[in-house]
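In: structure, please.
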Amino acid sequence: MQPHGVVALLFAAASTAQLPPSIANRPMVGCHVLTIGLDGNFGGATWNGGNVPFAYDASVTAAMQTAMAAAMQEIANVVNVHFVPRTNETDYIVIRDSTINSSVVGRIGGPQAVHVFNWNVRFEVVHVLMHVLGYWHEHQRPDRDQFVAVQTANVDPTRTTDFDIVPTGNTRGRAYDFDSVMHFAGTEGGIGGAITLLVLPPNTNLQNSIGQRTHLSTGDVDALRLVYGSSVPPVLASLTPAVVPAWLPGTLLVNGTLLDEVTRVWLDGAASLAFTTLSAAQLRVTVPNLFPIGPHTVQVESAIGRSNPLPVQITGNDPPVLEMPSVVVRNFATLLRIHSDNVRTNILLVAFDNQPSTIPGVISLGLGSQFTTLGQFATGIGGPTGVQVVSLTVPTSVPTSTNLWFQSIVFDPNNLTLPITTSALAQVRTF
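Out: Numbers count the residues shown, from 1 in each chain. This is a model prediction of the structure:
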């Protein structure tokens, strides 16, 4: 590790170097990472809120500043990173014209140097800015030996640190990216143009592809996104199912993009829903119990903002559901709940042990041939959530351990059709 004093020495060297009269024809020199004691790594110190304050050294011309602004914009276009002129921030970067392309990795605190030689290669400048944001070279990942072999004998002795594995590098589960703008070319850092990185089977066909400096790869964008978030909100594509009953929490699978950045899920822009992130393309969302029946909208939110809304329909329960205790104490009121809908008529039927329980041609409690009639206990229509609450009191005259059988039937009196919707049979025992 080099001491921090090296940074000051490099500042001075960059300021006094004799620069060519034009930046347009500068030869490509590649990138050399300065190994400073407080360097970050793939999961190192990031910039708060994605805001990177910067200042220019006097060596940077207007043309160079224009080139730097274009490189900064390439990153800002795809992720939530903002390069902002420094005012009074303590931590910031100082951009200098130099004989090398280099930066420490991540935010190390205080002013930190960014050296640029190849202003004429936009994505070499982007490469250097990626170091600023906390990213090492792709070929320095802990798992790189599975994908490329460093030809140590061919490496320029002044460049050996650029090929060291970063053992604490956090790849966040991303696949090795041969197309990354952070990958060296096969001969970069080599003596006399010798091969320094040999692509291993089964990817040997990529030997001449590594080291591109024309674009941010899909993997680069994903790596940035996983740390800083996207520059746009998530987008919702579909909900499954699109219809959820009101009683008991319903589960939705929400499909879309950038869903691993979601911080909150909204129902009608008000209720914050519980959710589990399954992937960048899917969430599992829990709809609250007894939410009002009718049309609603689901949205998700990230640090950037809210997604587009998608419709979800909360329906009444069909068939109805009876919610009641298994035992009731005689002569004490017990609440029963019938979960149905808020439109049709709901009748609660009841039968006792050894009493008839069938209405011929309409409904049967299914208790067997010994039951032939039954009584109507309550009737009504549920409110906004489709729930009807009934108070049950069993007289003390009813013997202990008597079974009470309940069933709910629901129908539209203006359009009576058979068969009528019925709940499951519920049994309650007196105590």
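In: partners of the host helix or strand of residue 338, with directions?
Out: Using DSSP states H and E, residue 338 sits in strand 334-339. Note on strand 334-339: by DSSP bridges, its sheet partners are strand 321-323 (antiparallel), strand 387-392 (antiparallel).
In: contacts for that strand?
Out: Strand 334-339 is contacted by residues 246-247, 316-317, 320-325, 328, 346, 348, 378, 382, 386-393, 406, 408, 423 when judged by CB atoms under 8 Å, 6 or more residues apart in numbering. The C-beta positions use only the backbone N, C-alpha and C, and glycine is treated the same way.
In: if we use 7 Å, what do you get?
Out: With contacts defined as CB atoms under 7 Å, 6 or more residues apart in numbering, strand 334-339 is touched by 246-247, 317, 320-325, 328, 346, 348, 386-392, 408.
In: cool, and stretch 248-263?
Out: With CB under 7 Å, 6+ apart as the test, stretch 248-263 has contacts from 229-230, 234-240, 244, 275, 277, 279-289, 298, 300-303, 307, 312.
In: which of these fall within strands?
Out: Under the assignment DSSP state E, the contacts of stretch 248-263 contribute 235-240, 244, 275, 277, 279, 282-287, 298, 300-301, 312 to strands.
In: please save the CA atoms from the strand holding residue 338 in PDB.
Out: What follows is strand 334-339 as a C-alpha-only set of coordinates in PDB (Å, rounded to 0.1, in the frame of the first residue of the first chain):
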ATOM      1  CA  THR A 334     -70.800 -14.400  20.300                       C
ATOM      2  CA  LEU A 335     -70.000 -12.600  17.100                       C
ATOM      3  CA  LEU A 336     -70.200 -14.400  13.800                       C
ATOM      4  CA  ARG A 337     -68.900 -13.000  10.600                       C
ATOM      5  CA  ILE A 338     -70.200 -13.800   7.100                       C
ATOM      6  CA  HIS A 339     -67.900 -12.700   4.300                       C
END
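In: buried residues in it?
Out: Of the residues in strand 334-339, 334, 336-339 count as buried by neighbour count, 16 or more other CB atoms under 10 Å.
In: follow-up on the earlier one: now tabulate the strands paired with strand 334-339 in TSV and tack on mean neighbour count.
Out: Compiled in TSV, the strands paired with strand 334-339 are given as follows (neighbours: other CB atoms under 10 Å):
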stretch	mean neighbour count
strand 321-323	18
strand 387-392	17
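In: could I get those strands in CSV, plus columns for distance to residue 62 and mean pLDDT?
Out: Shown next, in CSV, are the strands paired with strand 334-339 (distance: least, CB to CB, whole Å; pLDDT from 0 to 100):
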stretch, distance to residue 62, mean pLDDT
strand 321-323, 73, 93
strand 387-392, 70, 91
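In: for residue 416, which of these is the nearest?
Out: Closest to residue 416 of the strands paired with strand 334-339 is strand 387-392 (CB to CB; 19.5 Å).
In: what are the contacting residues of the helix or strand following that closest one?
Out: Next in sequence after strand 387-392, counting helices and strands by DSSP H and E, comes strand 403-411. The contact list for strand 403-411 (CB under 7 Å, 6+ apart) reads 320, 322, 324, 338, 340, 344-353, 357, 363, 365, 367, 420-423, 425-430.
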